[in-house]
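Asker: What follows is a predicted protein model with its sequence.
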Amino acid sequence: MPALSVPAECVQTLAGPSAFRETLLAQIASARRRILITALYLQDDDAGREVLDALYTAHTAHPQLEIAVYVDWHRAQRGLIGQRESAGNAARYQAMAKQFGPGVPVYGVPVQRRELLGVFHFKGFVIDDAVLYSGASLNDVYLERHGRYRLDRYHLIHSRELADSFAALLKNVLRTSPAVCPLDSADIPSRAALRPEIAKLRKVLARAQYDFTAAPRQAGAVSITPLIGLGARDNALNRTLLQLIMQARHELVLLTPYFNLPGPLRHALRRRIKAGCRVTIVLGDKTANDFYIPPEAPFKTIGALPYLYETNLRRFCKTNQGAIDAGMLAVHIWKDGSNTFHLKGLLVDDDCALLTGHNLNPRAWRLDLENGLLIRDPEKRLIGQHRSELAGFLAKTTRLTHYEEIEPIDAYPQPVQRLIRRLAHVKADRLINRIL
């Protein structure tokens with residue numbers, strides 16, 4: 001695959017959400033040329049306001065800075081799930097623009113006409129000649145404010161060519177679309193008015209690629225290929241995910257927050273296990289899922305999702321119990337108090353890594369706009385960073401020895417049991433899994 005050659009010392013793995021927040025704010029404060037931010041959402045809470053304040057401060061100090069924020073159009077205009085209706089985060093963007101004036105535009109990207117059918121799940125922060133890459137969005141829990149965190153992966157890569165490729169895609173593909181409109185203005189077009197433009201944008205995004213000049217990998221460097229994907233057909237990111245799994249020879253590590261693997265990935269995993277490749281899956285306990293609702297709290301339908309994911313996991317482990325017994329499949333369940341888990345990506349044979357916001361689920365496979373960075377490291381210059389990162393994740397996990405260690409449906413709260421059985425009775429659980 002075409003790639004950029006990046007010196008290995010220019011790739012840094014950050015330790016956790018606090019380091020991510022500190023690095024992001026420090027990079028914004030030191031920027032002199034450009035700050036381009038993409039995330040599912042920039043929340044109207046303490047952490048989100050801290051980031052917005054930092055952007056306005058940077059603009060005031062250096063008016064020549066190119067600043068732009070891209071978030072999902074739908075997500076920005078609604079409140080949190082389960083809470084009362086509101087104008088969403090867009091109200092904060094408009095208030096800040098009214099108070100401080102122009103200079104920090106926030107654009108909404110509508111990948112589909114409705115949020116249920118696809119969102120802007122594109123990740124990355126371009127600051128001058130660096131790319132800060134993480135699957136995290138921007139709010140209190142992702143940035144570890146107020147004593148809680150949602151664990152993700154965080155990498156800082158210094159490469160002008162990589163930063164330029166990210167910036168070019170944002171400016172030449174997203175910014176030129178009439179469907180992508182400012183959210184910091186009260187004059188936001190209606191969904192109906194944008195319908196034809198959204199359809200056009202989706203077609204453009206399905207064909208989009210990062211623009212860069214490929215270069216042979218130099219000694220002491222790694223190869224990095226930026227990838228983008230939308231839809232189930234001719235999706236470069238999906239294709240790379242599948243090929244990485246199918247080509248794993250000795251060891252494969254898969255990270256996912258929601259255990260709901262697309263069929264192609266699930267079948268590829270089973271073939272790798274049968275071929276003698278050791279597979280490690282790291283995922284969060286259902287209580288570490290961001291949709292989890294404690295049994296003592298009022299039940300909402302959305303609270304059944306962690307249990308649906310766990311039933312998928314139990315079924316998968318039961319099918320592959322022989323591989324678990326033989327040590328060819330290791331399933332690690334992460335839990336750390338009331339904190340939550342949002343890791344995703346692959347580590348393959350100590351010489352390939354995929355950094356991505358892709359959740360490795362059918363929704364990411366078919367509906368959402370996703371991106372990622374494929375790092376190939378034949379000299380194993382980054383092996384220490386990868387192993388240290390993985391060890392940090394595994395330190396808070398429990399390794400399963402048998403599928404019966406996972407709770408059966410009979411042990412779930414009664415409202416969850418009723419809902420899951422009702423869905424299974426009409427076979428709606430299969431449809432739901434395809435859009436989760």
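Answerer: Great, that's in hand.

Asker: how is this protein carved up into domains?
Answerer: 7-207, 232-366+369-435 (automatic domain parsing).

Asker: between the ones you listed, which gets nearest to Met1?
Answerer: Smallest distance to Met1 across the domains of the chain (C-beta to C-beta): 7.0 Å, for domain 232-366+369-435. Where C-beta positions appear, they are placed from N, C-alpha and C, glycine not excepted.

Asker: Next, format the domains of the chain as a markdown table and append mean neighbour count, mean pLDDT and distance to Ile224.
Answerer: Shown next, in a markdown table, are the domains of the chain (neighbours: other C-beta atoms under 10 Å; pLDDT from 0 to 100; distance: least, C-beta to C-beta, whole Å):
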| stretch | mean neighbour count | mean pLDDT | distance to Ile224 |
| --- | --- | --- | --- |
| domain 7-207 | 19 | 96 | 6 |
| domain 232-366+369-435 | 18 | 94 | 5 |
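
Asker: Let's have those domains in TSV, adding distance to Gln218.
Answerer: What follows is those, written out as TSV (distance: least, C-beta to C-beta, whole Å):
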stretch	distance to Gln218
domain 7-207	8
domain 232-366+369-435	10
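
Asker: can you pull the buried residues of the longest strand seen in the chain?
Answerer: What stands out as the longest strand in the chain, according to DSSP state E, is strand 221-229. The neighbour-count check on strand 221-229 (16 or more other C-beta atoms under 10 Å) flags 221-229 as buried.

Asker: quick one: which of the domains of the chain is nearest Arg217?
Answerer: domain 232-366+369-435 (7.6 Å).

Asker: how near is the residue nearest the centre of the chain to Gln417?
Answerer: When the chain is reduced to its mean C-alpha position, the nearest residue by C-alpha atoms, centre = their mean turns out to be Gly357, at 2.3 Å. From Gly357 across to Gln417, the span is 33 Å (C-beta to C-beta, to the nearest Å).

Asker: and what of Arg78?
Answerer: From Arg78 to Gln417 the distance is 30 Å (C-beta to C-beta).

Asker: Could you do Ser159 as well?
Answerer: 51 Å.

Asker: which secondary structure element contains the spatially closest residue to Thr13 that is not a sequence neighbour?
Answerer: Leaving aside its chain neighbours, Thr13 sits nearest to Gln385 (4.4 Å; criterion: C-beta to C-beta, 6 or more residues apart in numbering). Element membership for Gln385, per DSSP states H and E: helix 383-394.

Asker: Beyond that helix, next helix or strand please.
Answerer: Following helix 383-394 in sequence, per DSSP H and E, is strand 397-399.

Asker: Which neighbouring elements make contact with that next one?
Answerer: strand 329-334 (3 or more C-beta pairs under 8 Å, 6 or more residues apart in numbering; DSSP states H and E).

Asker: now with 10 Å?
Answerer: strand 278-284, strand 329-334 (3 or more C-beta pairs under 10 Å, 6 or more residues apart in numbering; DSSP states H and E).

Asker: For Asn371, find the nearest of these.
Answerer: The nearest among the helices and strands packed on strand 397-399, by C-beta to C-beta, is strand 278-284 at 21.5 Å.
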